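Enquirer: Here is my input, please return the structure:
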Amino acid sequence: MSSLRISTLPSSSSSLRTVNAAISVPRLPRVPISLPKIPTSSTTKLVLESNNHDGSLHTVIAPPEKDVAKATVQLYAILEAVADRVEMHKNMGEQRNNWNSLLLNSLNMITLSATTMVGLNTAIDNAAFKLSSTLLFTAATGMLLIMNKIQPSQLAEEQRNATRLFKQLQTEIQTTLAFGNPSEEDVKSTMEKVLALDKAYPLPLLGAMLEKFPSKFEPAVWWPKTNTNEFQKQLFRSQKKMNNGWTPELEMEMRQILEVAKSKDVEDYDKLGNLVLQFNKTLAMSGPLLTGIAALGSALGSHGSSWPGIVAAVAGSLAASVNALEHGGQVGMVFEMYRNCGGFFKLLEDTIEATLEEKDCEKRENGELFEMKVAVKLGRSVSQLRRLASKFAAYDSEGMPMDEFASKLF
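Expert: Residues are numbered from 1 along each chain as shown. Here you go, the predicted structure:
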């Protein structure tokens, strides 16, 4: 309740009255209001929503987000290791390419210098020339044995291939993480691919270096082996469209493409690989043999008998030529390139066979996507791939050999 008090004061000038009013308002009782605490955890989210009817805002606290999946954390750890391997193989490839250039230049300089000295020794019979040329030819023989054993140009090509394949694996991991929800199976598969690449392209030389002169040409294998039996030849009898994009026609197309690759591409690279392997073996044996003959001829040469000196000079000149052809022409690199191309077709063969072996179409990769991937790997469009399969079927029905390769890239 409010009270009103009025007081009248006397005034000498007028009879005005001054009214003083005081209004007192009672205090309202305190009402305790408790507001909900906003969670500060990073696993929660604060969302403001507007009511469509009255326009008022309602504060809604979203449920906590799930913890980061164990598989995701593991894939990120593998991704870091793969990125490190990319850099390691890249640096190692540059180093071994430098080895090839420096060793070749040094060997040729040593061999030609020794050849010049042995020629002068034949003319003037100088003991210093004789001793120096013998020592240089002997040193060249030892260096050539080591260089031909490790094949620096082939080592450099191995590291270049490893860099490319690890980058490809790095992209695959990033794609898996971008799609989200990786599984433990993804982690296991990725780890197997990393270990298979490490085995296929080792970094150390001692104890782990690949055999540079195998008995026969074998394609490179950089993927984990799967337990697959011989794929089924018989098609599904149903003519209706299968699930997951697979049809009997698509299965037949994949088998026809596989046959083209086997009969043309794989056979061609097998032939070329064996040819380069034998050529490289011949050059690798000829170089040290020639420098050894030159060292022996230089040691036996004298002014009275010029034939050993002449033999040494000729052998030294031939050795320099052989070294330039073998290491300057990087024959080892060419052999490794053929191994890699052969491995590409071997991987394509294993992939198609393993896919067709799976009877449950739902467990296969989508048929249309699989067809597109095969076409891209072979440097063709999907329509070109189908025409190639039809062409093979026509040639095969007439008993004629196929006149076209499966791949347009290699």
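
Enquirer: part of a strand, is residue 365?
Expert: No. Using DSSP: H, G, I helix; E, B strand; the rest coil, the assignment for residue 365 is coil, not a strand.

Enquirer: Give me the secondary structure label for the nearest residue to it once chain neighbours are set aside.
Expert: Closest residue to residue 365 apart from its sequence neighbours, by CB to CB, 6 or more residues apart in numbering: residue 355 at 6.6 Å. Backbone N, C-alpha and C define where each C-beta goes, glycine included. What three-state DSSP gives for residue 355 is helix.

Enquirer: Same check on residue 408?
Expert: coil.

Enquirer: so what's residue 108 up against?
Expert: Residue 108 makes contacts with 320, 323-324, as judged by CB atoms under 8 Å, 6 or more residues apart in numbering.

Enquirer: what about the residue nearest to residue 365, neighbour count?
Expert: Residue 355 has 19 neighbours, counted by other CB atoms under 10 Å.

Enquirer: can you check residue 137 too?
Expert: Residue 137 has 30 nearby residues by other CB under 10 Å.

Enquirer: Isn't it up against residue 114?
Expert: Yes. In this structure, residue 137 is within contact of residue 114 by CB atoms under 8 Å, at 4.8 Å.

Enquirer: Tell me which helix or strand comes right after the longest helix seen in the chain.
Expert: Longest helix of the chain, by residue count under DSSP state H: helix 70-124. On the C-terminal side of helix 70-124, the closest following helix or strand by DSSP states H and E is helix 127-150.

Enquirer: And for that next one, what's in contact with it?
Expert: Around helix 127-150, the neighbours that count as contacts under CB under 8 Å, 6+ apart are 103, 106-107, 110-111, 113-115, 117-118, 120-121, 205, 209, 212, 284, 287-288, 291-292, 294-295, 298-299, 301-302, 312, 316, 319, 323, 326-327.

Enquirer: now the helices: where do they sit in the stretch 201-350 of the chain?
Expert: Under the criterion DSSP state H, counting those that start in this stretch, the stretch 201-350 of the chain contains helices at 248-260, 267-300, 307-323, 331-357.

Enquirer: For these, give me a markdown table that also has distance to residue 388 and mean pLDDT.
Expert: Shown next, in a markdown table, are the helices of the stretch 201-350 of the chain (distance: least, CB to CB, whole Å; pLDDT from 0 to 100):
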| stretch | distance to residue 388 | mean pLDDT |
| --- | --- | --- |
| helix 248-260 | 6 | 93 |
| helix 267-300 | 16 | 94 |
| helix 307-323 | 43 | 92 |
| helix 331-357 | 14 | 94 |
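
Enquirer: Residue 155: which of these is closest?
Expert: Proximity to residue 155 (CB to CB) singles out helix 331-357 among the helices of the stretch 201-350 of the chain, at 7.9 Å.

Enquirer: Buried residues, that closest one. List them.
Expert: Neighbour counts over helix 331-357 (16 or more other CB atoms under 10 Å) mark 331-349, 351-353, 355-356 as buried.

Enquirer: ok, now stretch 279-298?
Expert: Those would be 279-281, 283-284, 286-298, for stretch 279-298 by 16+ other CB under 10 Å.

Enquirer: repeat for stretch 95-115
Expert: Applying 16+ other CB under 10 Å to stretch 95-115 flags 96-97, 99-100, 103-104, 107-108, 110-115 as buried.

Enquirer: now stretch 377-395
Expert: 377-378, 380, 385-386, 388-389, 392.
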